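Trainee: Give me a 3D structure for the following:
(one chain, ligands or ions: 2)
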Amino acid sequence: MTDRREAEQAGTWGLRSRPGPARPLWPSLALSALAAALGLPASGLPEVEVRGVTHNADWIEPGDLFVAIRGARFDGHAFVPRAAQRGAVAVLGEGWSGAQPPELPYLTVPHARQALADAAAVLAGFPSRTLKVVGVTGTDGKTTTTWLTRWLLRAAGVRTGMISSVGYELPDGELRQFPAHFTTPEAPQVQATLREMVQAGAGAAVLEASSHGLALDRVRGVAWDVGIWTHLSSEHLEFHGTLENYFAHKRRLIERSPFAVLNADDPWTAQLRGLAPLETTYSAEGQHADWQAQEIREGAGGLHFRVSSPAGEFGATLPMIGRFNVANALAALAAAHHLGAAPTQLQAGLASFQGVPGRMQEVREEVSGGAPGPRVIIDSAHTPVSLEHTLRTLRRVTPGRLWVVIGSAGGRRDPYKRGPLGEVAARFADLAVFTEADHRETPLEEILREMERGARAAGQGNFVSIGDRAEAIRHVVLEAAPGDTVVIANKGVETTLERGGRALPWSDLGQVRAALRARAGRSG
Ligand SMILES: CC(=O)N[C@H]1[C@@H](OP(=O)(O)OP(=O)(O)OC[C@H]2O[C@@H](n3ccc(=O)[nH]c3=O)[C@H](O)[C@@H]2O)O[C@H](CO)[C@@H](O)[C@@H]1O[C@H](C)C(=O)N[C@@H](C)C(=O)N[C@H](CCC(=O)O)C(=O)O
Ligand SMILES: Nc1ncnc2c1ncn2[C@@H]1O[C@H](COP(=O)(O)OP(=O)(O)OP(=O)(O)O)[C@@H](O)[C@H]1O
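Mentor: Ligands and ions are numbered 1, 2, ... in the order given. Model (predicted):
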């Protein structure tokens with residue numbers, strides 16, 4: 001970070017990068033005892049102590065078990081020599097097929113990812129069993145609902161940790177980053193972090209459970225207490241194949257939760273009813289539900305609404321932009337109430353919520369030297385549904401024109417949403433700028449043409465493509481007028497931008513600030 005004020009803002013969010021959870025926290029276990037715990041034959045195994053487990057050969061520390069996963073890109077068995085060199089004491093996988101016998105003891109299992117999760121839970125001592133664990137799944141709203149829930153639990157005096165796509169927190173509230181960026185990291189990181197939370201005195205943990213996390217067994221071995229459902233719309237079809245598969249993977253969280261918090265405004269909820277032994281419902285759109293928000297007003301201080309619920313009726317203020325956040329708040333209220341938070345604590349918690357970095361985050365900028373400029377919002381909307389919600393909500397509070405800068409990811413990410421994103425951007429903003437957003441090895445032109453096609457098919461002509469993201473941001477910030485709102489979508493607080501095989505250091509916030517300075521220079 002070069003910009004001091006950017007660093008300060010990051011500091012207030014606690015966004016400094018820190019290494020992953022400390023590994024020496026794991027007690028060691030004899031390999032034979034671990035094998036037995038996994039239901040595998042233990043006889044004949046050498047007497048070695050296992051100190052940890054990982055699926056990534058580069059993360060092996062002396063004494064670790066290396067789990068060789070046959071994935072879509074690599075066969076983890078190819079990295080056994082590297083794992084051995086780094087000090088792995090054994091390998092676990094679905095079958096050794098090399099010409100030479102493995103150089104380390106080899107445990108054969110029917111499903112390597114499941115065994116990875118089970119071994120991680122065993123070695124970490126099943127930390128989730130001593131925590132109240134809330135999982136949050138759905139296409140959009142996971143991060144915000146996760147942050148809100150952990151905030152409400154803390155307002156009720158519960159020491160709470162969190163794992164989210166923006167980072168993870170122990171009960172001390174300092175935001176830390178994993179070495180690799182995931183919404184739901186792999187099982188060893190999940191289990192090690194939960195263990196670290198327990199050791200730091202946490203009573204509860206709130207976890208984002210992505211569809212990949214659920215499908216790839218990253219959260220297997222987590223004993224859930226509450227499962228929250230936000231909503232479902234089309235995403236990640238490159239991985240799940242069909243919407244039904246995507247739903248089936250997400251549904252696992254609700255199936256495994258003793259208490260479900262379900263969104264009555266989402267049509268998919270009908271298929272979730274009755275899966276959990278206990279459930280409650282919420283609605284911000286006037287549907288019949290246990291938790292309802294009424295008299296919703298969007299004002300200067302944020303969102304104001306009345307809650308009618310099993311906890312009683314009370315007025316609520318949430319200092320956030322975005323009407324959809326009322327639904328996220330209701331879900332968080334219902335979960336926190338189930339875990340013991342009283343209505344007064346819920347009210348106070350909502351009112352003091354500090355928002356989520358990169359989610360409807362307003363750039364409060366003084367570089368323009370007092371000259372009025374547009375309102376600039378950084379928002380991680382990256383699905384057609386979330387983009388529509390974001391634009392609709394900002395339309396209501398924008399006296400002038402509404403601008404959006406939006407791209408669609410390439411590589412192995414969902415190609416089906418490019419056209420719909422273009423259409424939504426052009427339909428719900430006055431001016432849309434299509435740009436790059438991690439196009440990876442996909443030609444950027446291809447993505448931009450698909451977004452343009454989507455916009456054109458909807459009969460919209462109010463768009464332009466500017467491939468370079470910095471230039472696109474600069475264009476809208478310079479061209480927009482006071483009274484206008486500019487939304488920089490997609491990336492939120494992500495710190496890299498992927499072009500081809502390269503990941504460049506990146507900050508939408510930094511680019512917005514540079515553009516605002518250029519604007520001030522131009523008018524000054
Ligand atoms: C589709 C998907 O999620 N794939 C993940 C999965 O890949 P995979 O099972 O095919 O494994 P692979 O990459 O072929 O590698 C096989 C094995 O070799 C190992 N290996 C590989 C290379 C090497 O040098 N050393 C090494 O040990 C790997 O650690 C792995 O164990 O396991 C890998 C190891 O953890 C992940 O890197 C990979 O994430 C991919 C790249 C990814 O970007 N996933 C994203 C889409 C994701 O998970 N997103 C979700 C949802 C986000 C949202 O909310 O929208 C998330 O939870 O973050
Ligand atoms: N309940 C909701 N319904 C629809 N859109 C939402 C909702 N909540 C948030 N959004 C939109 O989706 C964007 C992403 O929200 P958020 O980060 O909370 O969830 P997420 O996308 O599930 O998380 P992740 O960042 O892990 O992908 C927000 O910036 C907002 O535009």
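Trainee: right, and the helix or strand after the strand or helix carrying residue 426?
Mentor: Using DSSP states H and E, the element containing residue 426 is helix 418-428. Following helix 418-428 in sequence order, the next helix or strand is strand 431-434 (DSSP H and E).
Trainee: which residues sit in contact with the residue nearest the centre of the chain?
Mentor: Residue closest to the average C-alpha location in the chain (C-alpha atoms, centre = their mean): residue 165, at 3.2 Å. Listed by C-beta atoms under 8 Å, 6 or more residues apart in numbering, the contact set of residue 165 reads 142-143, 181-183, 208, 210. From N, CA and C alone the C-beta is placed, and that goes for glycine too.
Trainee: Residue 64: neighbour count?
Mentor: 24 (other C-beta atoms under 10 Å).
Trainee: ditto for the one 10 residues further on
Mentor: Summarising burial for residue 74: neighbours were counted as other C-beta under 10 Å, giving 12.
Trainee: tell me the phi and psi of it?
Mentor: phi -130, psi 160 (degrees, to the nearest 10).
Trainee: Look up how far ligand 2 lies from it.
Mentor: Note on residue 74: its distance to ligand 2, by C-beta to the nearest ligand atom, to the nearest Å, is 25 Å.
Trainee: residues from the chain in reach of ligand 2?
Mentor: Residues of the chain lying near ligand 2 by C-beta under 6 Å from any ligand atom: 140-144, 165, 183, 208, 230-231, 324, 327-328, 359-360, 379-381, 385-386, 389-390.
Trainee: Select from those residues every entry located in helices.
Mentor: The helices, defined by DSSP state H, take in 142-144, 324, 327-328, 385-386, 389-390 from these.
Trainee: Select from these the one having the most neighbours.
Mentor: residue 328 leads those on contacts (other C-beta under 10 Å) with 31 neighbours.
Trainee: so what pLDDT did it get?
Mentor: Predicted confidence (pLDDT) for residue 328: 97.
Trainee: Assess the claim that it and residue 230 are in contact.
Mentor: Yes: here residue 328 reaches residue 230: they are 7.0 Å apart, a contact under C-beta atoms under 8 Å.
Trainee: Could you list the low-pLDDT ranges of the protein?
Mentor: For the chain, the stretches flagged by pLDDT under 70 are 1-25, 180, 234-236, 238, 240, 365-371, 523-524.
Trainee: Can you give the domain ranges for it?
Mentor: Residue ranges for the domains of the chain, per automatic domain parsing: 4-123, 126-351, 361-523.
Trainee: can you list these in a markdown table and add distance to ligand 1?
Mentor: Compiled in a markdown table, those are given as follows (distance: least, C-beta to the nearest ligand atom, whole Å):
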| stretch | distance to ligand 1 |
| --- | --- |
| domain 4-123 | 2 |
| domain 126-351 | 3 |
| domain 361-523 | 7 |
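Trainee: same for the helix or strand hosting residue 472, what does it pack against?
Mentor: Secondary-structure assignment from DSSP H and E places residue 472 in helix 469-479. Packed against helix 469-479 by the contact rule (3 or more C-beta pairs under 8 Å, 6 or more residues apart in numbering; DSSP states H and E) you find strand 402-406, strand 431-434, strand 485-488, helix 508-523.
Trainee: Could you rerun that using 6 Å?
Mentor: strand 402-406, helix 508-523 (3 or more C-beta pairs under 6 Å, 6 or more residues apart in numbering; DSSP states H and E).
Trainee: Determine which stretch of those is the most buried.
Mentor: Comparing the helices and strands packed on helix 469-479 by mean neighbour count (mean count of other C-beta atoms under 10 Å), strand 402-406 comes out on top with a mean of 27.
Trainee: Run through who's touching that strand.
Mentor: 394-395, 425, 429-433, 435, 472-473, 476, 480, 485-489 (C-beta atoms under 6 Å, 6 or more residues apart in numbering).
Trainee: ok, now stretch 304-324?
Mentor: 290-297, 302-303, 326, 329, 337, 343, 347, 350-351, 355, 360, 389, 393.
Trainee: same thing with stretch 477-488?
Mentor: Contact with stretch 477-488 is made by 372, 374-379, 394, 398-405, 473, 476, 508, 515-516, 519, as judged by C-beta under 6 Å, 6+ apart.
Trainee: returning to what we had before: can I get the buried ones among the contacts of strand 402-406 as something I can paste into ChimeraX?
Mentor: To isolate the buried members of the contacts of strand 402-406 in ChimeraX, using 16 or more other C-beta atoms under 10 Å:
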select :394,425,429,430,431,432,433,435,472,473,476,480,485,486,487,488,489
